[in-house]
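*Asks:* My questions are about this predicted structure, shown below with the sequence.
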Amino acid sequence: MSKTIQLSLVIPGILLFVLLFAMFPAVLVPDRLDSSLQFHWAKGFSSIHSYIDGLWSGYSFQYFSGKTELSFWEQIGSSFSVTFTYMIIGAVVGMTLGIILGVYFAVSRAVWLKRILELTSVFPDFIIVLLLQFLIVFIASETGLVIFQVASFSTDDPAVALPLISTIIIPAIYMIRNVALHMSHTLTEDYINFAKARGLGKTYIVFYHALPNVLPFVKADLHKFMGILFGNLFIFEYLYNLNGVTLLVFSNAFAYEGYQYSLVVNGILTLLLLYAVIYALLKVVVFGWEKVFVR
């Protein structure tokens, strides 16, 4: 099956999934008497119908923030740039550091470093963010020196350094563990022992014999890597008060008039676009590693 045919099937399927997924808050309605959840499928399908009709009039791209009606197209640009900036830097730098440090952890005999890695890997992402913020507050209280802002207090004065550090650390931890595991296994293969018997240097063996056989695993795990990066995006933007895509959607999904189906659909589609763009860029990064070390 050609890629054109695959795309012609996948894209409508994704759109249908988003339309159906976004309608569930409209379908699940609490009963007024006992607060039990009731399914109102007609209301859900009515939301889909209204969204499709609103595409032609432009009404599907209007939403309420409080009682103020806003244009999705006018607001999404700044939110998209915020989310994209943090995600792309976190993804590329986190992957690069993860590969480099993963190789180092695989060949290093420093057991304490591996213990620290194992400890940090069990922490949920939001705990890492809170610990970083607590560390900054603790240093400021003890020394009076504020190293980084712990959150954005306004769009004119956004927090930059600490959110970037968080977006790098969280995916990097996963990549370090993944690369270290596959590298440790690869270094026990017979062809590695044969390379050692030929008198090849350790660095040459690691980067030009072992690493090329680890990179396919990295490429295969890109979706897991992206899942970690995007999985707690709302928590990340909420804790740092970043005006990104998820904060725009979740803070306005339920306006004073009720559930805003069109805003949620548009927000999910925006996140899927972000996912596709960043995934493509990460594949380019892995391809670059292959071009350098695969012979």
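*Replies:* Thanks, I have it. Numbering: from 1, shown residues only.

*Asks:* bridging residues for residue 62?
*Replies:* Counting by DSSP bridges, residue 62 is bridged to residue 71.

*Asks:* Break down the stretch 101-250 of the chain into its helices, ranges please.
*Replies:* All helices of the stretch 101-250 of the chain, identified by DSSP state H, counting those that start in this stretch, fall at 111-121, 125-143, 161-186, 190-197, 202-205, 211-220, 222-231, 233-239, 245-252.

*Asks:* In a markdown table: the ones you listed, plus distance to residue 280 and mean neighbour count.
*Replies:* Placement of C-beta: from N, CA and C, glycine included. Output for these, formatted as a markdown table (distance: least, CB to CB, whole Å; neighbours: other CB atoms under 10 Å):
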| stretch | distance to residue 280 | mean neighbour count |
| --- | --- | --- |
| helix 111-121 | 27 | 12 |
| helix 125-143 | 24 | 14 |
| helix 161-186 | 16 | 20 |
| helix 190-197 | 32 | 12 |
| helix 202-205 | 31 | 12 |
| helix 211-220 | 13 | 18 |
| helix 222-231 | 10 | 17 |
| helix 233-239 | 18 | 20 |
| helix 245-252 | 18 | 20 |
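
*Asks:* how about these, which one is nearest residue 81?
*Replies:* Closest to residue 81 of those is helix 245-252 (CB to CB; 9.8 Å).

*Asks:* Of all the helices of the stretch 101-250 of the chain, which one comes closest to residue 289?
*Replies:* Of these, nearest to residue 289 by CB to CB is helix 211-220, at 5.7 Å.

*Asks:* CA-only coordinates of that closest one in PDB, if you can.
*Replies:* What follows is helix 211-220 as a C-alpha-only set of coordinates in PDB (Å, rounded to 0.1, in the frame of the first residue of the first chain):
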ATOM      1  CA  LEU A 211      26.100   2.800  18.700                       C
ATOM      2  CA  PRO A 212      24.900   2.200  15.100                       C
ATOM      3  CA  ASN A 213      23.100  -0.900  16.400                       C
ATOM      4  CA  VAL A 214      21.500   1.100  19.300                       C
ATOM      5  CA  LEU A 215      20.200   3.900  17.100                       C
ATOM      6  CA  PRO A 216      17.500   1.700  15.500                       C
ATOM      7  CA  PHE A 217      16.100   1.100  19.000                       C
ATOM      8  CA  VAL A 218      16.100   4.800  19.600                       C
ATOM      9  CA  LYS A 219      14.200   5.400  16.400                       C
ATOM     10  CA  ALA A 220      11.700   2.700  17.200                       C
END
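
*Asks:* re the thing from before, take the helices of the stretch 101-250 of the chain and write them to TSV, including mean pLDDT.
*Replies:* Output for those, formatted as TSV (pLDDT from 0 to 100):
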stretch	mean pLDDT
helix 111-121	69
helix 125-143	82
helix 161-186	86
helix 190-197	84
helix 202-205	85
helix 211-220	87
helix 222-231	86
helix 233-239	82
helix 245-252	88
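
*Asks:* Can you verify my assumption that residue 175 contacts residue 99?
*Replies:* Yes: if you go by CB atoms under 8 Å, residue 175 and residue 99 touch, sitting 6.5 Å apart.

*Asks:* Columns distance to residue 77 on top of the helices of the stretch 101-250 of the chain, output as CSV?
*Replies:* What follows is those, written out as CSV (distance: least, CB to CB, whole Å):
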stretch, distance to residue 77
helix 111-121, 35
helix 125-143, 26
helix 161-186, 19
helix 190-197, 50
helix 202-205, 46
helix 211-220, 32
helix 222-231, 20
helix 233-239, 16
helix 245-252, 11
